[in-house]
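> pasting the sequence and the predicted model now:
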Amino acid sequence: MTDPAARQRDPERTRAELLDVATEVFAEQGYSGARVDDIADRTRTTKRMIYYYFGGKEQLYLAVLERAYRGIREAERVIHVGDLAPTDAIRRIAELTYDHHVRHSAFIRLVMIENIHRGEFIRRIDAIRELGQPAVGLLDEILQRGRAEGLFRSDVEAFDVHMLISSYCVFQVANQYTFGFLFDRDLHAAPLADHLRSMIGDIVVSWLRAPAEVGAGE
């Protein structure tokens, strides 16, 4: 952990470190259970310094929540699929979303916590709603290309695809322990993990196929 003198010289790094630890604490203990004192202890800093950077527990949680959503949206923005065929592009997005969710389980836990609170805090962050538009916009562009080529059905919106991919990927993290126990499987261990990763691509592509395309494959 950075020493106090270094923190004073590099406030941005200090803020990032505090957010890293706060993300772990909120994801582990929820908003109600998390304590600023615990975050201060883990970062070897003071409660006063956390209040200096963020103002209080609620503001710190809002900052954690916003950064978590920015992380998934930034990952989506760097996906380059313009040179891929529509079906390959959709599959790539589905698989990369799966990868991000599995690697960032804290994000899923934060989403679950926020839903427990009925979206009480996320409603206070106007920027988050805007963050989702590029992801939906990219899917819409791919869907339009697929329809123009006669590959995709016309009664599905980008929002539908985004929700399908997100729900499948969230399940892999949110239910990994209960589902794994019930069926004696480790969802994140090979070869099952690879199978589940490819499965979401198969599901979305098969669902999107235009009726003529489906009939031609039978």
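Right, received. Where do you want to start?

> the helix or strand hosting F107 packs against which elements?
Here F107 sits within helix 105-116, counting by DSSP states H and E. Judged by 3 or more Cβ pairs under 8 Å, 6 or more residues apart in numbering; DSSP states H and E, helix 105-116 is in contact with helix 11-33, helix 57-77, helix 158-174. For glycine as for every other residue, the C-beta is placed from the backbone atoms N, C-alpha and C.

> try 10 Å
Judged by 3 or more Cβ pairs under 10 Å, 6 or more residues apart in numbering; DSSP states H and E, helix 105-116 is in contact with helix 11-33, helix 57-77, helix 86-103, helix 158-174.

> which one of those helices lies closest to S198?
helix 86-103 (7.2 Å; Cβ to Cβ).

> in that closest one, what's buried?
Residues of helix 86-103 classed as buried: 86-87, 89-98, 100-102 (neighbour count, 16 or more other Cβ atoms under 10 Å).

> nearest to G137, of those residues?
When the buried residues of helix 86-103 are compared against G137 (criterion: Cβ to Cβ), the nearest one is I93, at 12.2 Å.

> the closest one - nearest residue in space that isn't next to it in sequence?
I79 (6.0 Å; Cβ to Cβ, 6 or more residues apart in numbering).

> which residues touch the residue nearest to the spatial centre of the chain?
Nearest to the mean C-alpha position of the chain, counting by Cα atoms, centre = their mean, stands I72 at 4.5 Å. Shown in contact with I72 (Cβ atoms under 10 Å, 6 or more residues apart in numbering): 97, 100-101, 104, 107-108, 111, 131-132, 135, 166, 169.

> circling back: including distance to W207, could the helices and strands packed on helix 105-116 go into CSV?
Shown next, in CSV, are these (distance: least, Cβ to Cβ, whole Å):
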stretch, distance to W207
helix 11-33, 31
helix 57-77, 20
helix 86-103, 10
helix 158-174, 7
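
> how about those in CSV, adding distance to L187 and mean pLDDT?
Putting the helices and strands packed on helix 105-116 into CSV (distance: least, Cβ to Cβ, whole Å; pLDDT from 0 to 100) gives the following:
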stretch, distance to L187, mean pLDDT
helix 11-33, 18, 93
helix 57-77, 19, 88
helix 86-103, 9, 94
helix 158-174, 6, 95
